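> Predicted model follows, preceded by the sequence.
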There are 2 protein chains.
Amino acid sequence: MIQELKVKSQSIKAVEGIRDLIFSGELPAGSDHLESELAERLGMSRTPVREATLVLEAQGLLEVRPRRGVRVSALTVTDMHEIYEVLTELESLAAFRAAEARYSKDQLSGLADSIKEMDASLKENDRERWARADAAFHDELVRLGGNGRILAIVSNFNDQVRRARAITLHMRPMPTKSNKDHRALYEAILRGDAESARKLHWRHRTEARELLTELLEKNGLRRV
Amino acid sequence: MIQELKVKSQSIKAVEGIRDLIFSGELPAGSDHLESELAERLGMSRTPVREATLVLEAQGLLEVRPRRGVRVSALTVTDMHEIYEVLTELESLAAFRAAEARYSKDQLSGLADSIKEMDASLKENDRERWARADAAFHDELVRLGGNGRILAIVSNFNDQVRRARAITLHMRPMPTKSNKDHRALYEAILRGDAESARKLHWRHRTEARELLTELLEKNGLRRV
DNA sequence: CAATTATTTTACGTATACATTAATAAATTC
DNA sequence: GAATTTATTAATGTATACGTAAAATAATTG
């Protein structure tokens, strides 16, 4: 086993640490925090914290506001619309390219595994597990699309909406339809039907977006 | 007149300064540079330079490679493919949304102006001026699309390909076809024909991409 | 007592010092 | 003489000090 003895720099630890604090909810969306506060919390000096805030700002997770502390970005319904629109478009393109690529059944095993995992989660009524498998499916899909830029944008945006999705996860019906969608998409990719793959995924994403934004609007998007 | 007496921080100056150095070709793609070298060149300490390199890395313009200096990103033909694929897709979506929005002729005057400007540039055989107007057109199109995320991604990617485009600008035929395309797109948006707008722009971008990558491949992508 | 001005506090931006560690050069060994 | 080890160099990562400017507080004035 390769010893991945990576000596992580404080900067990297700061990025990861702040991300964790955000995703765990310890730094709620909309809250303000001083550099020195974060530095103390993470047990390091302000320098690596400052560097971390800059990259997290570039990723859209924070806003640095001179002398008012860094603010954890709060996503509005409009933001969610914008992000989902991009995700829909780029993932659909990835589906198209994945189908074009004529991957073998073996190469598509990642997708198949995720589908199985989602089926199993559904049977056990485990929403969290289903959500993880769903994320893995979408991730793998984009990877198969073969465009690194799309992969980067999508994973960034997924990060941003992860918090919002977590809220609604327990409010929506069990996603049985979703699983059918995924299976149909898998089939289209396997048989190389690019245009179908694109359309199937586009519809899938659009429906999911409508459901999500509806729920968020009803619930005021608190704590996002 | 509002005195925009913005006291730019050294960090911001560093970002702008390094960008200028890159776009002017003083820091060629693929070249390596030490933080201290850049700091001296910009007349400041390493701290703001470091911060600048982080944001420029997030924007894909630099790669920071510990102990080997920051490297100006060199775009390969594959990179160009990836970027253009995303640009094509997102701009086409913007065109779709712009048409849906039923803007008035007045609201579309930005597009119309750019078209006129391109026509004039063509008549005078001024490629540089044409390129500027073309960029303005695309920019305005995306703005009319109304999705801020798309705007951010597109302008970032346009930055990255600007250098490559500059190379080929004088190698390709005068873009008379391009102007026809722009006019047709404008008409589609004006009459609210979203699907046509999308398709027209998609084809326009795809053709431009094929032309560009062909030229770049022939010319080995030097000095990109 | 409201509003303005003066004062104090404090957070940030930046420079700088220094420790760490990778890269390079030198030396040693086989 | 090649290869490995050791020593040196140098660039980075990080902490820290400090000046500056914004916020917050106190003081003053009408």
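Happy to help now that I have it. Everything numeric here is computed off the predicted structure, so don't read it as measured data. Numbering: from 1, shown residues only, chains lettered A, B, ... in the order given.

> When you work out contacts or count neighbours from here on, use the C-alpha atoms and nothing else.
OK.

> Give the helix, strand or coil label for the nearest residue to residue A:93 once chain neighbours are set aside.
Nearest-residue entry for residue A:93: residue A:198, 6.2 Å, with adjacent residues in sequence omitted and distances by Cα to Cα, 6 or more residues apart in numbering or on different chains. Secondary structure assignment for residue A:198 (DSSP: H, G, I helix; E, B strand; the rest coil): helix.

> Report how many residues lie close to residue A:198.
Neighbourhood size, residue A:198 [other Cα atoms under 10 Å in any protein chain shown]: 26.

> Tell me how far it lies from DNA strand C.
43 Å (Cα to the nearest atom of the strand, to the nearest Å).

> show me the residues around that residue that make contact.
Remark: with contacts taken as Cα atoms under 8 Å, 6 or more residues apart in numbering or on different chains, residue A:198 is in contact with A:92-96.

> any idea how far residue A:142 is from it?
Distance, residue A:198 to residue A:142, using Cα to Cα, to the nearest Å: 12 Å.

> Tell me the residues of chain A that contact DNA strand D?
Residues of chain A lying close to DNA strand D by Cα under 7 Å from any atom of the strand are A:8-12, A:43-48, A:67-68.

> re earlier: okay, and the common contacts of residue A:198 and residue A:142?
Jointly contacting residue A:198 and residue A:142 under the rule Cα under 8 Å, 6+ apart are A:94-95.

> Can you get me a residue count around residue A:79?
16.

> Span of stretch A:116-131 from start to end?
As for stretch A:116-131, its first-to-last residue distance stands at 13 Å under the measure Cα to Cα.

> Same question for the most centrally placed residue in chain A, what's its three-state structure.
Centrality entry for chain A: nearest residue to the mean C-alpha point is residue A:158, 2.2 Å, by Cα atoms, centre = their mean. Of the three states, residue A:158 takes helix under three-state DSSP.

> Which pLDDT does the model give it?
Reading off the per-residue confidence, residue A:158 sits at a pLDDT of 91.

> and if you look at residue A:224?
With respect to pLDDT, residue A:224 scores 44.

> And what about the residue lying farthest from the centre of chain A, helix, strand or coil?
No residue in chain A sits farther from the centre than residue A:67, which is 30.7 Å out by Cα atoms, centre = their mean. Secondary structure state of residue A:67, per three-state DSSP, is coil.

> Residue A:205 reaches residue A:90, doesn't it?
No. Contact between residue A:205 and residue A:90 fails when scored by Cα atoms under 8 Å: they sit 10.7 Å apart.

> quick one: the strands in chain A?
In order along the chain, chain A carries the following strands (DSSP state E): A:32-33, A:62-65, A:69-72.

> Turn the ones you listed into TSV, including mean neighbour count and mean pLDDT.
Listed next are the strands of chain A as TSV, based on neighbours: other Cα atoms under 10 Å in any protein chain shown; pLDDT from 0 to 100:
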stretch	mean neighbour count	mean pLDDT
strand A:32-33	16	94
strand A:62-65	19	93
strand A:69-72	20	92
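
> quick one: which of these is nearest residue A:52?
Evaluated with Cα to Cα, the strands of chain A place strand A:62-65 nearest to residue A:52, the distance being 10.0 Å.

> Run through the neighbouring helices and strands of that closest one.
Contacts defined by 3 or more Cα pairs under 8 Å, 6 or more residues apart in numbering or on different chains; DSSP states H and E place strand A:62-65 against helix A:46-58, strand A:69-72.

> Let's see that with 10 Å instead.
The elements that strand A:62-65 packs onto, with contact taken as 3 or more Cα pairs under 10 Å, 6 or more residues apart in numbering or on different chains; DSSP states H and E, are helix A:10-23, strand A:32-33, helix A:46-58, strand A:69-72.

> Go through the ones you listed and name the closest to DNA strand C.
Between DNA strand C and the helices and strands packed on strand A:62-65, the shortest separation by Cα to the nearest atom of the strand is 3.7 Å, and it involves strand A:69-72.

> anything in that closest one near chain B?
No. Counting by Cα under 10 Å from any Cα of the partner chain, chain B has no neighbours in strand A:69-72; the shortest distance is 15.8 Å.

> residues in chain A within reach of chain B, list them.
Residues of chain A lying close to chain B (Cα under 10 Å from any Cα) are A:47, A:50-52, A:54-59, A:78-79, A:81-83, A:85-86, A:89-90, A:93, A:146-150, A:153, A:157.

> Just the buried ones from these?
Buried members of these, counted by 16 or more other Cα atoms under 10 Å in any protein chain shown: A:47, A:50-52, A:54-59, A:79, A:81-83, A:85-86, A:89-90, A:93, A:146-150, A:153, A:157.

> any common contacting residues for residue A:205 and residue A:90?
Counting by Cα atoms under 10 Å, 6 or more residues apart in numbering or on different chains, the common neighbours of residue A:205 and residue A:90 are residue A:84.

> Quick one: residues contacting residue A:65.
The neighbourhood of residue A:65, defined by Cα under 10 Å, 6+ apart, consists of A:32, A:34, A:71.

> mind checking how far it is from chain B?
With distances defined as Cα to the nearest Cα, to the nearest Å, the gap from residue A:65 to chain B amounts to 13 Å.

> can you check residue A:37 too?
If you measure residue A:37 against chain B using Cα to the nearest Cα, the figure is 20 Å.

> Can you show me the helices along chain A?
In chain order, chain A shows helices spanning A:10-23, A:35-42, A:46-58, A:77-100, A:109-123, A:127-145, A:148-168, A:176-190, A:194-218, with DSSP state H as the criterion.

> Just the residues contacting the second one, thanks.
In this case it means helix A:35-42. Applying Cα under 10 Å, 6+ apart, the external contacts of helix A:35-42 come out as A:10, A:13-14, A:17-18, A:21, A:34, A:43-50, A:53, A:64, A:67-70.
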